[in-house]
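Chemist: Could you look at this predicted model? Sequence included:
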2 protein chains.
Amino acid sequence: MNKFMKIAFKEAIKGMRGNEGGPFGAVIVKDKKIISKAHNKVIQANDPTAHAEITAIRKACKKLKKFDLSDCEIYSSCEPCPMCLSAIYWARIKKLYFGCTRKDAAKIDFDDELIYDAIKGIKKGKQIEISEIDRLECLKLFDEWKNKKNKTQY
Amino acid sequence: MNKFMKIAFKEAIKGMRGNEGGPFGAVIVKDKKIISKAHNKVIQANDPTAHAEITAIRKACKKLKKFDLSDCEIYSSCEPCPMCLSAIYWARIKKLYFGCTRKDAAKIDFDDELIYDAIKGIKKGKQIEISEIDRLECLKLFDEWKNKKNKTQY
């Protein structure tokens, strides 16, 4: 096994056996050195966003004191869900290695097909009810941002 | 303005003026009472996942001591990005109200079109390089999960 994937694997084992969350682990690497490792902690932390990849990204950013991980790679024991894939994009990570596929995950009841569909605009199954309200009021926020001086764009 | 959206709006103002992040705020409501409110803190927290919605979800779960917010609604000053929309699904929130649209956000350079495309499987622009490795080894994790007794499925 790839040595970093093996560590992601061990993280997954640790999280699963400790009843912290599902069988998922992730590792972030920079210049062939491990910056962070994490496992799914949804159950233990009561946090539906505490997937392995999100947690690894948060730890790596904290350690490197920056929100841009474009000099890093991520290893995940499973293909990231849309939330985690998006987080990888926002963190500007350039390279992702994954082990199991989303189809493998669906077979053990971690099924993100509904979310993929929602993002694709396909409406089937149990959807969230979504309403646009107060757009014109909220646009004032964007006007202020546009005219704000010395802002950090990210 | 809707009273909860107004609070999301105020959160956005607070975060933007305090240079904590972009002009985005979110509020989580249960039985017409506010459970959590948050603003984007990407810059201040050096955390690319610290969007308003993710932060509001994490706060609400911490407060309610559960990872299932199916009895809650979320108000966001802007249409959620794919990361936040996915998090709303994982948190099982049933109803989402948003103010500005993603097209409005793109106009002030918060453009998640690339991420939408990536999730849709459309490959254009700057993509992450993705490789599947060690799948058969990683599948052992899923076998163990499948056979695990007394697990919390989520």
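Modeler: Happy to help now that I have it.
Chemist: from here on, contacts and neighbour counts on C-alpha atoms
Modeler: Will do.
Chemist: Just the helices from chain A, written as ranges.
Modeler: Secondary structure of chain A (DSSP state H): helices at A:3-17, A:42-45, A:52-64, A:82-90, A:102-107, A:113-120, A:135-147.
Chemist: right, and residue A:10 touches residue A:24 too?
Modeler: No: here residue A:10 does not reach residue A:24: they are 9.3 Å apart, not a contact under C-alpha atoms under 8 Å.
Chemist: neighbour count winner among the two?
Modeler: Neighbour tally, residue A:10 and residue A:24, criterion other C-alpha atoms under 10 Å in any protein chain shown: the higher count belongs to residue A:24, 31 against 22.
Chemist: what's the angle from the worst-scoring helix or strand of chain A on mean pLDDT to helix A:82-90?
Modeler: When the helices and strands of chain A are scored by mean pLDDT, DSSP states H and E, helix A:113-120 comes last with a mean of 91. Compare the direction of helix A:113-120 with that of helix A:82-90 by axes from the mean of the first three to the mean of the last three C-alpha atoms, to 10 degrees and you get 50 degrees.
Chemist: Please save the CA atoms from helix A:113-120 in CSV.
Modeler: Only the C-alpha atoms of helix A:113-120 are listed here, as CSV (Å, rounded to 0.1, in the frame of the first residue of the first chain):
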residue,chain,number,x,y,z
GLU,A,113,-26.3,10.0,-4.4
LEU,A,114,-29.1,12.2,-3.2
ILE,A,115,-26.6,15.0,-2.6
TYR,A,116,-25.0,14.5,-6.0
ASP,A,117,-28.4,14.7,-7.6
ALA,A,118,-29.4,17.8,-5.7
ILE,A,119,-26.2,19.6,-6.8
LYS,A,120,-26.8,18.5,-10.4
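Chemist: can the helices of chain A go into a markdown table with extra columns for distance to residue B:40?
Modeler: Below are the helices of chain A laid out as a markdown table (distance: least, C-alpha to C-alpha, whole Å):
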| stretch | distance to residue B:40 |
| --- | --- |
| helix A:3-17 | 29 |
| helix A:42-45 | 21 |
| helix A:52-64 | 15 |
| helix A:82-90 | 13 |
| helix A:102-107 | 29 |
| helix A:113-120 | 21 |
| helix A:135-147 | 13 |
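Chemist: ranking those helices by mean pLDDT, which is last?
Modeler: Per-segment mean pLDDT for these reaches its minimum on helix A:113-120, at a mean of 91.
Chemist: what's around residue A:11, how many residues?
Modeler: So residue A:11, with other C-alpha under 10 Å, has 23 neighbours.
Chemist: likewise residue A:126?
Modeler: Other residues close to residue A:126 by other C-alpha under 10 Å number 9.
Chemist: could you list every residue that touches it?
Modeler: By C-alpha atoms under 8 Å, 6 or more residues apart in numbering or on different chains, the contact list for residue A:126 reads residue A:114.
Chemist: Across the sheet, point out what pairs with the residue nearest to residue A:37 when sequence neighbours are not counted.
Modeler: Leaving aside its sequence neighbours, residue A:37 sits nearest to residue A:27 (C-alpha to C-alpha, 6 or more residues apart in numbering or on different chains; 4.3 Å). Note on residue A:27: beta-bridge partners by DSSP bridges are residue A:37, residue A:75.
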